[in-house]
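Peer 1: Just to be clear, the model below is a prediction. Sequence and coordinates:
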2 protein chains.
Amino acid sequence: MKKKILIHDIAKHLDVSIATVSLVLNGKAKEMRISDTLADRVQQYTASVGYKPNQLAKSLRTGKTNVIGLMVEDIANPFFATVARLIEKKALARGYHIIYCSTNNDPAKAQGLLTMFQERHVDGYILALPEGVGSEVSSLVRSGKPVVLFDRMLPDVSANAVVVDGATGMYEATQHLLTQGFKNIALVSLQSEQQQMLARRQGYLQALQEQNLPALVHTVDYTQEPEQVVSQIQAFFQANPSCNAVLFATNYLGVHGLEALNRLGRSIPKHMAVVSFDDSNLSRLYSPPITVVAQPIEAMAENIIVTLLTALGDPLKSTSVTQLLLTPHLLIRESSIRFKP
Amino acid sequence: MKKKILIHDIAKHLDVSIATVSLVLNGKAKEMRISDTLADRVQQYTASVGYKPNQLAKSLRTGKTNVIGLMVEDIANPFFATVARLIEKKALARGYHIIYCSTNNDPAKAQGLLTMFQERHVDGYILALPEGVGSEVSSLVRSGKPVVLFDRMLPDVSANAVVVDGATGMYEATQHLLTQGFKNIALVSLQSEQQQMLARRQGYLQALQEQNLPALVHTVDYTQEPEQVVSQIQAFFQANPSCNAVLFATNYLGVHGLEALNRLGRSIPKHMAVVSFDDSNLSRLYSPPITVVAQPIEAMAENIIVTLLTALGDPLKSTSVTQLLLTPHLLIRESSIRFKP
DNA sequence: CTGAAAGCGCTTACAG
DNA sequence: CTGAAAGCGCTTACAG
């Protein structure tokens, strides 16, 4: 770590003005008709001494930080972790860095983090938010800041969004179970009015309705301890002995649901057919392997970052809102195939 | 989003000098003997208008950003994701924010990210690094920046570190298998000279040596595609038919190793006893549940953040280096219990 | 107790 | 083509 070298030092050494150095470094040499010879000398020298402009000063002056704020529900959730990793990679390739935060689905925390992002002057926002922060996001969007919602939209908020068509995903998953001959299909979902949860439930309900079959929905309070969640799901299965197929609306529920079935000694798919939302190592390697509605994570990440960069590109064009609905795909595995003894 | 309000605005409105406002806001009112009455007025007013100082300007001036750079191998790896979430939470409670990055174990990428952290003027560094960046880290430490290495140390680098005693963890795991009566125990590890990998292997070797039993180590090239990793492990098992117990040195290897055993139709623990490093949902819920060497993640996160904050507190005390070796614990599950027909 | 002023390190009109 | 100067928004000696 040598002493930090400043633009002033390099200007002095090269015997040119600070402006010249700055202009060259910011690619405005041509524009300002600085001679190629001089520009080259500046480039050479700055590279040789490894000069790095102070980003703080630069940001203060230009109002740009090259930082994107990314808010997820829980960074330790494999779905969000994978999206985060892909976004980070793609953003980095475009010169942007990512600050992550987990909201844990707490609106107060999400609000605090939103404020923090503003204080840090992030250039753009990528958000998977809990309910109850609609007005904050609306004013953020109105202020002209590039915002992309993902995983879930917010009711009454007109912002860019990249989400998966959970309704169709669940509709197809339910139809698949029906085709297999199951008639008593339950849905285990969250006690949440989040848009993506409603959509998933909606797909399930529609498929059953079309066949005039009864629905059976159990919602779990996710603020409880994991242990409680498991026993709650256990109790639900015990209270509904005729139910022989179940859809878990999130991978979080899938994990705890499998544990519950385990404890009850119900074998899959013999006693209970299972489909979960989100693919994972667990689903793939479980015995039997679990059928899942897989989200197109790579495509989500790509679309999120492209949408955000577009908005960053023309801040004035913020009047037009892009909302993308990506199609998930059903990965059929053993857990949902009708058991033939 | 109203117009951004500045310290100048509030000074004018209160008819005091900018300095007064700044001093009060930074808790130096007493020190500068500003009257309580005035101080209160300032507090009241700034709170009422929701004034937030521009962090960029503040940082430029003070040289402090309240940002900590966290570098992990892969944020989508459950171990690192969990550590990251805990660190984020604990840091936030102390007023620090986290920037994460994944190195993917690539020294060039790690080096680039290190430079980026410096450009962003992070106040402190929390690093799980690949091999080959020792000199960069050494000069960082020498420059007086607070650094905490975790998960793995770097050879010849004298820096704060919080790591798990993998040697003991693996030693105990191997002993457990020996106690169960297994004599042909293999280790599947990574083609890597990273310190924590060497330690884990070392624990395994020592346990076998004490019993005069032969070791059987297979190392996997982790830069390959997942599919290749699986088939490589498969081939290893096929080439060593007498091997009836295996230790996987990371959860990444555990996942692929289970897949390999699956494909070979080897049942656990009947044909092959299994122990993996790192606990996970998969290990817990697998059939049979997998015995693991679990890292004390919560304790790691706490010690990391405390060590870093201590270093941030007295930058001069950077002469003393804290290196913590935490003890992992063996969670014995069915996968390693000698099969009794 | 308080105000005027320098300075953190940069970018960018503006005038030559 | 290039230089002097203002200004991004703050903090903090320094002088009163």
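Peer 2: Ah, there it is.
Peer 1: gap between A:Asp106 and B:Ala81?
Peer 2: Distance, A:Asp106 to B:Ala81, using C-beta to C-beta, to the nearest Å: 19 Å. To be clear about C-beta, it is placed using only N, CA and C from the backbone, and glycine gets the same treatment.
Peer 1: So those two - more neighbours on which side?
Peer 2: B:Ala81 (25 against 15; other C-beta atoms under 10 Å in any protein chain shown).
Peer 1: Please identify which residue in the stretch 101-250 of chain A comes closest to DNA strand C.
Peer 2: Residue nearest to DNA strand C within the stretch 101-250 of chain A (C-beta to the nearest atom of the strand): A:His121, separated by 13.2 Å.
Peer 1: What backbone torsions are found at that residue?
Peer 2: phi 60, psi 50 (degrees, to the nearest 10).
Peer 1: can you tell me how far it sits from B:Gly181?
Peer 2: 63 Å.
Peer 1: ok so, going back, go ahead and confirm the residue of the stretch 101-250 of chain A closest to DNA strand C touches A:Gly63.
Peer 2: Yes: at 7.3 Å, A:His121 and A:Gly63 qualify as touching, with contact defined as C-beta atoms under 8 Å.
Peer 1: More neighbours: which of the two?
Peer 2: Neighbour count, other C-beta under 10 Å: between A:His121 and A:Gly63, A:His121 has more, with 16 against 10.
Peer 1: Next up, the contacts around the nearest residue to that one once chain neighbours are set aside.
Peer 2: Leaving aside its sequence neighbours, A:His121 sits nearest to A:Thr65 (C-beta to C-beta, 6 or more residues apart in numbering or on different chains; 5.0 Å). With contacts defined as C-beta atoms under 8 Å, 6 or more residues apart in numbering or on different chains, the neighbours of A:Thr65 are A:Gln55, A:Ser59, A:Arg120, A:His121, A:Val122, A:Asp123, B:Leu56.
Peer 1: Leaving out sequence neighbours, find the closest residue to the second one.
Peer 2: I take that to be A:Ser59. Looking at A:Ser59 with C-beta to C-beta, 6+ apart, the closest residue is A:Thr65, at 4.6 Å.
Peer 1: My reading is that the one you found is in a helix; is that accurate?
Peer 2: No: counting by DSSP: H, G, I helix; E, B strand; the rest coil, A:Thr65 falls outside a helix, being coil.
Peer 1: so how far is B:Leu60 from it?
Peer 2: 12 Å.
Peer 1: and the two most separated of the contacts of A:Thr65?
Peer 2: Put simply, by C-beta to C-beta the two of the contacts of A:Thr65 set farthest apart are A:Gln55 and A:Val122, 13.4 Å from each other.
Peer 1: measure A:Arg61 to B:Gly254 for me?
Peer 2: 50 Å.
Peer 1: Compare the two (neighbour count), which wins?
Peer 2: For A:Arg61 versus B:Gly254, the count of surrounding residues by other C-beta under 10 Å is larger for B:Gly254: 27 against 10.
Peer 1: A:Ser102 versus A:Leu285, what's the distance?
Peer 2: Taken as C-beta to C-beta, the span from A:Leu285 to A:Ser102 is 26 Å.
Peer 1: how about the residues of the stretch 51-200 of chain A near DNA strand C?
Peer 2: Proximity of the stretch 51-200 of chain A to DNA strand C, by C-beta under 7 Å from any atom of the strand, involves residues A:Pro53, A:Asn54, A:Ala57, A:Lys58, A:Leu60, A:Arg61, A:Thr62.
Peer 1: Neighbours of the fourth one, how many?
Peer 2: A:Lys58: 18 surrounding residues under other C-beta under 10 Å.
Peer 1: ok, which stretches of chain A are strands?
Peer 2: For chain A, strands defined by DSSP state E occupy the ranges A:67-72, A:97-102, A:124-127, A:147-150, A:160-164, A:185-190, A:216-220, A:245-248, A:273-277, A:291-294, A:323-326, A:329-331.
Peer 1: give the contact list for A:Met32.
Peer 2: A:Leu23.
Peer 1: burial measure for the residue in the stretch 151-300 of chain A that DNA strand D sits nearest to, as a count.
Peer 2: As assessed by C-beta to the nearest atom of the strand, DNA strand D sits closest to A:Ala159 within the stretch 151-300 of chain A, at 25.2 Å. Residues lying near A:Ala159 (other C-beta under 10 Å) number 24.
Peer 1: list the contacts for it?
Peer 2: A:Val137, A:Ser138, A:Val141, A:Val147, A:Val148, A:Leu149, A:Met153, A:Val321.
Peer 1: ok, now A:Gln228?
Peer 2: By C-beta under 8 Å, 6+ apart, the contact set of A:Gln228 is A:Asp221.
Peer 1: Any stretches of the stretch 101-250 of chain A with poor pLDDT?
Peer 2: For the stretch 101-250 of chain A, no stretch has pLDDT under 70.
Peer 1: Contact residues of it facing chain B?
Peer 2: Residues of the stretch 101-250 of chain A lying close to chain B (C-beta under 8 Å from any C-beta of the partner chain) are A:101-102, A:115-116, A:118-121, A:139-140, A:142-143, A:145.
Peer 1: rerun that using 6 Å as the cut-off
Peer 2: Neighbours of chain B within the stretch 101-250 of chain A, by C-beta under 6 Å from any C-beta of the partner chain: A:Ser102, A:Glu119, A:Arg120, A:His121, A:Ser139, A:Ser143.
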